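Asks: What follows is a predicted protein model with its sequence.
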Amino acid sequence: MVKFKPVIITTFSLVTCIFSLAGFTQTGAVFQTSNGKTSFRSDAPLELIRASSTDLVGIIDDEKRTFGFVINIRSFDGFNTALQKQHFHENYMESDKYPTARFNGKIIEDQDLTVDGVYEVRAKGNFTIHGVTHERIIKSKLTVSNHKILVTSNFTLLLSDYDIPIPRVVYQKLANEIKVEVTATLLPR
């Protein structure tokens, strides 16, 4: 975990730069996290692959209804074997060439995130993985309590949508549909 600290700083700097360019300001309520958890699961006929990371960096601007999240692909761990992790980074995600995954955009619903409550919202924005960007709408649950926002979300991604090939030799071991779970607590900035 210690070896990823410089990457976290770089990722956080990237997020700050992206949000500065996107018009995030200090006015209104701005919430951020630097240690959100992202997990994924590939449930193929012959193999179950799971990995997770606690290096999700993100920000929500309540006034502008904007958000952005970034994760370093190399921060994922928990694979079945070291070889599986190596193949994930080198053959599928090409982590050196495409080091991050990003999702940024707007919250569709008009909820005041400074008021305690549980809100079901839709996040609409650009989702980028493996250098490919698609517009997505992802449902999330926001639990606001004591000036914190807990974000939880479950969604699926298709590897084929992001130009991540599954070689014929492993198609029974790697699913095209990947289940993703995100949990992050955002604090006022």
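Replies: The structure has been received and is ready for your questions.
Asks: can you give me the helices for the protein?
Replies: Taking DSSP state H, the helices of the chain run over residues 5-21, 82-87.
Asks: Out of those helices, point me to the one whose mean pLDDT is lowest.
Replies: Ranked by mean pLDDT, the helices of the chain bottom out at helix 5-21, with a mean of 44.
Asks: Which helix or strand in this protein has the lowest average pLDDT?
Replies: helix 5-21 (a mean of 44; mean pLDDT, DSSP states H and E).
Asks: Show me the shaky parts of the chain.
Replies: For the chain, the stretches with pLDDT under 70 are 1-28.
Asks: ok, which stretches of it are strands?
Replies: In the chain, the strands defined using DSSP state E lie at 30-43, 48-61, 66-72, 100-107, 117-129, 132-145, 148-158, 177-188.
Asks: Distance from the chain centre to the first one, please.
Replies: This points to strand 30-43. Relative to its chain's centre, strand 30-43 lies at 5 Å (C-alpha atoms, centre = their mean, to the nearest Å).
Asks: Give me the sheet partners of it and which way each runs.
Replies: Next to strand 30-43 in the sheet, as set by DSSP bridges, lie strand 48-61 (antiparallel), strand 177-188 (antiparallel).
Asks: then the last one to PDB, C-alphas only?
Replies: Coordinates of the C-alpha atoms in strand 177-188 are reproduced here as PDB (Å, rounded to 0.1, in the frame of the first residue of the first chain):
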ATOM      1  CA  GLU A 177     -20.000  -8.100 -18.100                       C
ATOM      2  CA  ILE A 178     -18.200  -6.800 -15.000                       C
ATOM      3  CA  LYS A 179     -20.000  -6.000 -11.800                       C
ATOM      4  CA  VAL A 180     -18.800  -2.900 -10.000                       C
ATOM      5  CA  GLU A 181     -19.400  -1.600  -6.500                       C
ATOM      6  CA  VAL A 182     -18.500   1.800  -5.200                       C
ATOM      7  CA  THR A 183     -18.600   3.100  -1.600                       C
ATOM      8  CA  ALA A 184     -17.100   6.400  -0.600                       C
ATOM      9  CA  THR A 185     -17.600   8.900   2.200                       C
ATOM     10  CA  LEU A 186     -17.200  12.500   1.200                       C
ATOM     11  CA  LEU A 187     -16.400  15.200   3.700                       C
ATOM     12  CA  PRO A 188     -16.800  19.000   3.300                       C
END
